[in-house]
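A.B. asks: Just to be clear, the model below is a prediction. Sequence and coordinates:
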Number of protein chains: 2
Amino acid sequence: MSDETTAHGQDARGAHAAAATRDEARFVEEIVDKDENYSRWYTDVVLKAELADYAPVRGCMVIRPYGFALWENMQQGLDRRFKDTGHANAYFPLLIPESFLRKEAEHVAGFAPQVAWVTHGGDEELEERLAVRPTSETIICTMYAKWIQSWRDLPVLVNQWANVMRWEKVTRLFLRTTEFLWQEGHTAHRTEEEAEEETLRMLGVYQDFIENDLAIPVVPGRKSESEKFAGALRTYSVEALMGDGRALQAGTSHNLGQHFAKVFDITFLDKDGQRKHVWQTSWGVSTRLVGAIIMVHGDNRGLVLPPRVAPIQVIIVPIFRKEAEREAVAAFVADLERDLRPHIRVQSDWREQTPGWKFNEWELRGVPLRLEVGPRDVAANQVVAVRRDTHEKRPLPRSGVGSAVPALVEDIQRSLLDRARRFRDEHTARAATVAELEEVVEERRGFVWAPWCGEAACEAAVKERSGATIRNIPFDRPDDRQACLVCGREGSAVLFAKAY
Amino acid sequence: MSDETTAHGQDARGAHAAAATRDEARFVEEIVDKDENYSRWYTDVVLKAELADYAPVRGCMVIRPYGFALWENMQQGLDRRFKDTGHANAYFPLLIPESFLRKEAEHVAGFAPQVAWVTHGGDEELEERLAVRPTSETIICTMYAKWIQSWRDLPVLVNQWANVMRWEKVTRLFLRTTEFLWQEGHTAHRTEEEAEEETLRMLGVYQDFIENDLAIPVVPGRKSESEKFAGALRTYSVEALMGDGRALQAGTSHNLGQHFAKVFDITFLDKDGQRKHVWQTSWGVSTRLVGAIIMVHGDNRGLVLPPRVAPIQVIIVPIFRKEAEREAVAAFVADLERDLRPHIRVQSDWREQTPGWKFNEWELRGVPLRLEVGPRDVAANQVVAVRRDTHEKRPLPRSGVGSAVPALVEDIQRSLLDRARRFRDEHTARAATVAELEEVVEERRGFVWAPWCGEAACEAAVKERSGATIRNIPFDRPDDRQACLVCGREGSAVLFAKAY
């Protein structure tokens, strides 16, 4: 806490000041300023932090080890929640016969233009083209029709972690790629009520995960008819606001009703002896969420990772000049790591680069907390902690590190969510007319509450004039009735935004 | 331990004897006898235990929740070992341009006949066909060429969990399917020695995992030239013996030398200022290992799962007739589950079927240990434990269950490995001539040690006459020199078998 000890720490770092400045310049040059070119800033962060790289296949990306470690932590957070709510994982085939996709009319219309088609196996031309799955409803329904016979077989609560492919014209790393990784839940139920409950339960699971693990506040609500999933009865989504004021659909949960059950003939013998069609749901989130983390929390130094999913939560950077100093610091750091490891994902950086270079690199990579240990810190029996989110720097007595560091990390997690929530609230406006909405959307972006009558024509008119779409009809919204921003008939507030 | 208490337990079960017999008959009918038709027995077990099902796409399977839970446990056991040896996961694209595959001559010759080709994206015909990855060397090497610049970037230790596709003519659930799940490690090193070390280290990881977690003994060794991976310098494998006496290649590890590095131009600036090609390895195991578990441990009642990877390690079956009995049993079981849960994957079965039906079902599904709890057990403050491997039944005092059950489960794990090792040793013979080898291979199958001169022509001659192939050249083998079983020139012992 004392200025003196902080100064000590800085003294020790002084030796590397020149090098650090050069290195810093190198990084600052590499990442463009957010306000100058947001899209370029985003790509710079993805590439320089080594989350992902462009693949030499159109629209595809390679998820590099650091990005994949982040995704693995996200998978674990989700998978645990899926299992806690009674779901089991399974795996269905990658290739889906074209005839299956064609069974549900809306579904095929929605997906066929984006399908990658396998036409040959070895040298032989296939009799029927096979789709590389763009989503798995049709193949899963085919199996459910076989597996489900009685009400005793219900509910079926299955999830799949898989790669899917959608032939996109315009792609962007993580946000929209031809191939992406996701999970898709597919459930079947006895009654309509149970299916609706499941649909909303999983939307709640997404909200819980995204807010608590990713520190991204979301707005849960129902999609309009025009924005719902191809083949669903109702689609719900959680919507998040990115750092540039554009919205991102962070997860969707669909009540499929009996549409697929009827087409694929999934029936069961109910308790009353009647044969009935099941009620289904499907729900998914994808590697797109990595893009959301970058855009919600990142800054001009690079990535800022929420501690719960950060591959490295704490990075220790040793500082020393002479070999004698190195030994004392090394012993101190080894001891520190041993104490922290049971509580936290910690790593120390003994590479040959300068401390300044390392500070920049770990900031670029978004590690939530840095601990600096120099000879003066060893002498004072302390470490210097630097938060990635606020850049706040403070000495911590070595004796209390075992509890102080996890507490700091938890605090960073909370602060990130608070900050994102403030930003979202500051970028949520109201509009009564399309002209007002256009103005907000052009000038400061963000979410806009505006009254809508419920007609698709009015929704389309807003989209055409402003580029904004109805993100969803939030569960929690002002209940006053107002004149629709397009036609003037009675309407109620829904959430508009320009979206990714 | 007392006969009396065991008898109590059996009394309580008596009420369900008739039903149990009917149910038992049902299951026994469904699974064909191993000795009668091994291949049909295998398929019966996969389908009836609900590990997997046939997919309506040629040669593909669906991995059902129970089978996938098993695979997840296997993944965890492997993934932990990969990370402990310094590897990180990443993800590379599913689709590989044809020109990439064609760069390495042996590689394309080996894989092209088995490739599924994507020729269209949406309505557009692609300029170049894309292969659904049969393996990822070519796409990964393309990225490594970009990422690796200096000796400081080495070693690169990456693994990928992925689906791959090989257009097989004859398929069998888990053992050979058009699409399968696997992991593929891809590493790059500074020196040839490091690459060879890595190749052998990962073979050792496979041996450790397969023997200790799957309870399957394996023989590690080097593949002959004709059996090595397309494009590798040397291939090593671990070979296991199945219950029908046929061998199964359980995992492979390849030293790729500089073949791919030269073709894909992966170079680095070494410490001495010279630009050099990296040395590479790749290694993989797949869902095929699930097939090995079934064939090594299964019996005429179905699956027998090694506890370390069993989705359910202990199943509790409550036994009661009247509602009053149910309550006492339920309280006892709830308490028991609570005690065991921290140590073991335990589940209790409260479905409405009879205990006899449940006994059969959980035996079919291979749960290592069953605990039966009836009113007399409650009164005697005990549970009756039944081992899946030996069918041994014994009462356990309730007070000691917390340590006795985990100990029993560990004992089952050990016993399975011991039994498999005995079986393997009993089915390992020696042959000095092709005629002798043929006789063994025809009559009792199993591994056969036979002397070989090292010539591909002799290897091919054995294969043509007997159907047996050289499984590998074991690290640990008799070092006496003998006459080659074909040509009579000097040779040394290698391991032959008919293989899956």
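C.D. replies: Happy to help now that I have it.
A.B. asks: In the stretch 1-150 of chain A, where is pLDDT below threshold?
C.D. replies: Judged against pLDDT under 70, the low-scoring parts of the stretch 1-150 of chain A cover residues A:1-29.
A.B. asks: at 50 instead, please
C.D. replies: Within the stretch 1-150 of chain A, the stretches with pLDDT under 50 are A:1-25, A:28.
A.B. asks: just so I have it, where are all the strands in it?
C.D. replies: Assigned by DSSP state E, counting those that start in this stretch, the strands in the stretch 1-150 of chain A fall at A:52-54, A:61-63, A:88-89, A:95-97, A:116-121, A:124-132.
A.B. asks: just so I know, which of those lies nearest A:T142?
C.D. replies: Distances from A:T142 to each of the strands of the stretch 1-150 of chain A were compared by Cβ to Cβ, and the smallest falls on strand A:95-97, at 8.9 Å. The C-beta positions use only the backbone N, C-alpha and C, and glycine is treated the same way.
A.B. asks: The closest one close to chain B?
C.D. replies: Yes - figure legend: strand A:95-97 in contact with chain B (Cβ under 8 Å from any Cβ of the partner chain); contacting residues A:95-97.
A.B. asks: okay if I get these as CSV plus neighbour count?
C.D. replies: Formatted as CSV, the entries for the residues of strand A:95-97 next to chain B read as follows, by neighbours: other Cβ atoms under 10 Å in any protein chain shown:
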residue, neighbour count
A:L95, 24
A:I96, 28
A:P97, 20
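A.B. asks: Now flag whichever of the residues you listed is closest to A:T252.
C.D. replies: Distance to A:T252, by Cβ to Cβ, is smallest for A:I96 among the residues of strand A:95-97 next to chain B, at 20.1 Å.
A.B. asks: Hmm, A:T135 and the closest one touching each other?
C.D. replies: No - judged on Cβ atoms under 8 Å, A:I96 makes no contact with A:T135 at a distance of 9.3 Å.
A.B. asks: what's near enough to touch the spatially most central residue of chain A?
C.D. replies: Residue closest to the average C-alpha location in chain A (Cα atoms, centre = their mean): A:L289, at 1.7 Å. Residues in contact with A:L289, defined by Cβ atoms under 8 Å, 6 or more residues apart in numbering or on different chains, are A:74, A:210, A:214, A:250-251.
A.B. asks: Show only the entries of the residues you listed found in strands.
C.D. replies: The strands, defined by DSSP state E, take in A:250-251 from these.
A.B. asks: So among the contacts of A:L289, which ones count as buried?
C.D. replies: With burial judged by 16 or more other Cβ atoms under 10 Å in any protein chain shown, the buried subset of those is A:74, A:210, A:214, A:250-251.
A.B. asks: closest to B:E194 among these?
C.D. replies: When these are compared for distance to B:E194 (Cβ to Cβ), A:M74 wins out at 33.0 Å.
A.B. asks: Can you tell me how far that closest one is from A:L181?
C.D. replies: A:M74 sits 10 Å away from A:L181, going by Cβ to Cβ, to the nearest Å.
A.B. asks: Give me the common contacts of those two.
C.D. replies: By Cβ under 8 Å, 6+ apart, no residue touches both A:M74 and A:L181.
A.B. asks: so A:V462 is in which element?
C.D. replies: helix A:456-466 (DSSP states H and E).
A.B. asks: helix or strand right after that helix?
C.D. replies: Where DSSP H and E defines the elements, the next helix or strand beyond helix A:456-466 is strand A:469-474.
A.B. asks: And the next helix or strand past that following strand?
C.D. replies: Scanning the chain past strand A:469-474 towards its C-terminal end, the next helix or strand to appear is strand A:481-483 (assignment: DSSP H and E).
A.B. asks: quick one: buried residues of that following strand?
C.D. replies: Neighbour count says strand A:481-483 has A:Q482 buried, by 16+ other Cβ under 10 Å.
A.B. asks: Name the next helix or strand downstream of whatever helix or strand the residue nearest to the centre of chain A lives in, please.
C.D. replies: Per DSSP H and E: A:L289 is located in helix A:288-297. Beyond helix A:288-297 in the direction of the C-terminus, DSSP H and E gives the next helix or strand as strand A:314-318.
A.B. asks: For the helix or strand following that next one, buried residues please.
C.D. replies: The first helix or strand that comes after strand A:314-318 along the chain, using DSSP H and E, is helix A:323-340. Using 16+ other Cβ under 10 Å as the test for burial, helix A:323-340 gives A:325, A:329-330, A:332-333, A:336-337, A:340.
A.B. asks: Can you check the pLDDT for the residue of chain A positioned farthest from its centre?
C.D. replies: Here chain A reaches farthest from its C-alpha mean at A:A324, the gap being 45.7 Å by Cα atoms, centre = their mean. According to the predicted model, the pLDDT of A:A324 comes to 86.
A.B. asks: Now do the end-to-end distance for stretch A:340-349.
C.D. replies: Its start and end residues considered, stretch A:340-349 measures 15 Å (Cα to Cα, to the nearest Å).
A.B. asks: now check it, is it near chain B?
C.D. replies: No - for a cut-off given as Cβ under 8 Å from any Cβ, stretch A:340-349 has no contacts with chain B; the smallest distance is 12.0 Å.
A.B. asks: Which positions in that stretch come out as buried?
C.D. replies: A:340, A:344-346, A:348-349.
A.B. asks: And the furthest pair within those?
C.D. replies: Pairwise distances across the buried residues of stretch A:340-349 (Cβ to Cβ) peak at 15.5 Å, for the pair A:I344 and A:D349.
A.B. asks: Just to be sure, A:E194 is in a helix?
C.D. replies: Yes - according to DSSP: H, G, I helix; E, B strand; the rest coil, A:E194 belongs to a helix.
A.B. asks: export the helix holding A:L289 as PDB, just CAs?
C.D. replies: What follows is helix A:288-297 as a C-alpha-only set of coordinates in PDB (Å, rounded to 0.1, in the frame of the first residue of the first chain):
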ATOM      1  CA  ARG A 288     -19.200 -16.400 -31.900                       C
ATOM      2  CA  LEU A 289     -19.300 -15.700 -28.200                       C
ATOM      3  CA  VAL A 290     -15.500 -15.300 -28.300                       C
ATOM      4  CA  GLY A 291     -16.100 -12.400 -30.600                       C
ATOM      5  CA  ALA A 292     -18.500 -10.900 -28.000                       C
ATOM      6  CA  ILE A 293     -15.900 -11.200 -25.300                       C
ATOM      7  CA  ILE A 294     -13.400  -9.300 -27.400                       C
ATOM      8  CA  MET A 295     -15.800  -6.500 -28.400                       C
ATOM      9  CA  VAL A 296     -17.400  -6.000 -25.000                       C
ATOM     10  CA  HIS A 297     -14.200  -6.000 -22.800                       C
END
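A.B. asks: Buried ones in it, by neighbour count?
C.D. replies: Applying a neighbour-count criterion of 16+ other Cβ under 10 Å, one finds A:288-297 buried in helix A:288-297.
A.B. asks: Then stretch A:217-224?
C.D. replies: Along stretch A:217-224, the positions that meet the burial threshold by neighbour count (16+ other Cβ under 10 Å) are A:217-224.
A.B. asks: Pipe the residues you listed into CSV and attach pLDDT per row.
C.D. replies: Formatted as CSV, the buried residues of stretch A:217-224 follow (pLDDT from 0 to 100):
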residue, pLDDT
A:P217, 98
A:V218, 98
A:V219, 98
A:P220, 98
A:G221, 98
A:R222, 98
A:K223, 98
A:S224, 97
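A.B. asks: Out of the residues you listed, name the ones that lie in strands.
C.D. replies: Using DSSP E, the members of these that fall within strands are A:219-222.
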